[in-house]
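S.K.: task: produce atomic coordinates for the following.
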Amino acid sequence: MGRKSTKENKNIYQTSREEMEYSRETAACRLGFISSDRIEKIESEKTLPHPEEVLAMSDCYRNPSLCNYFCSHQCPIGIKYVPEIKTKELSQITLEMLATLNKLVREKERLIEITVDGQLTEDELPDFLEIKAELEKMALAIDSLNLWIDQTIASGKMNQDLLKNR
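M.R.: Residues are numbered from 1 along each chain as shown. So this is what the prediction gives:
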């Protein structure tokens, strides 16, 4: 195995590789189509990875959050449209979802009032934007739950086949 990096500000790709205790050469062998030189350039931020490289590293390093990181921080389209998903515990995700659901249940009637005529008037806009923000929180909580599931499967703590049979 190669020598350990002493670099202080490691990016997510390097820390993910090192958590698996892979040298760049080992990672390159396991990845198959990414050279150790290319890995070094990605980790030193001399170049951005390609989407297919991120997918491969995500699988190889057992870190599904690499994909969200790439999309939300490095992909020009994703930067605009994909929110960053923070890794959270299942209990925190569940509580956030329930709190948002409770608020949305209370706001459901107002949303119906606002949208029934197909128009959005100036006086309805503040309530509509508040409801939209709650819906975005729910979408983020769902994305967090999906990431939690992916990470739990990647770590070997959950069998992916169990999810498919449900």
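S.K.: once you drop chain neighbours, what's closest to the residue nearest to the spatial centre of the chain?
M.R.: Of all residues in the chain, the one closest to the mean position by Cα atoms, centre = their mean is Asn68, 3.4 Å from it. What sits nearest to Asn68 in space, not counting adjacent residues and going by Cβ to Cβ, 6 or more residues apart in numbering, is Ile85, at 4.8 Å. To be clear about C-beta, it is placed using only N, CA and C from the backbone, and glycine gets the same treatment.
S.K.: pretty sure the one you found sits against Pro64.
M.R.: No: using Cβ atoms under 8 Å, Ile85 is not in contact with Pro64, being 9.8 Å away.
S.K.: what is in contact with these two at once?
M.R.: Leu147 (Cβ atoms under 8 Å, 6 or more residues apart in numbering).
S.K.: what kind of secondary structure is the residue lying closest to Ser155 once chain neighbours are set aside in?
M.R.: In space, not counting the residues next to it along the chain, Ser155 is nearest to Arg62; the distance is 6.4 Å by Cβ to Cβ, 6+ apart. Local secondary structure at Arg62 is given as coil here, using DSSP: H, G, I helix; E, B strand; the rest coil.
S.K.: tell me the contacts of Arg62?
M.R.: Met20, Ala154, Ser155.
S.K.: cool, and Glu89?
M.R.: So Glu89 contacts Trp148 (Cβ under 8 Å, 6+ apart).
S.K.: also Leu31?
M.R.: Counting by Cβ under 8 Å, 6+ apart, Leu31 has contacts Ile39, Glu53, Ala56, Met57, Cys60.
S.K.: look up how far Arg17 lies from the first one.
M.R.: Translated: Ile39. As for Ile39, its distance to Arg17 is 7 Å (criterion: Cβ to Cβ, to the nearest Å).
S.K.: could you tell me which residues touch both of those two?
M.R.: In contact with both Ile39 and Arg17: Arg24, Ala27, using Cβ under 8 Å, 6+ apart.
S.K.: just the residues contacting the helix or strand of the chain with the lowest mean pLDDT, thanks.
M.R.: None of the helices or strands of the chain scores lower by mean pLDDT, DSSP states H and E than helix 160-164, at a mean of 76. Here helix 160-164 makes contact (Cβ under 8 Å, 6+ apart) with Ile149, Ile153.
S.K.: how about 6 Å then?
M.R.: Ile153 (Cβ atoms under 6 Å, 6 or more residues apart in numbering).
S.K.: how far out from the middle of the chain is it?
M.R.: Distance, stretch centre to chain centre, for helix 160-164: 20 Å (Cα atoms, centre = their mean, to the nearest Å).
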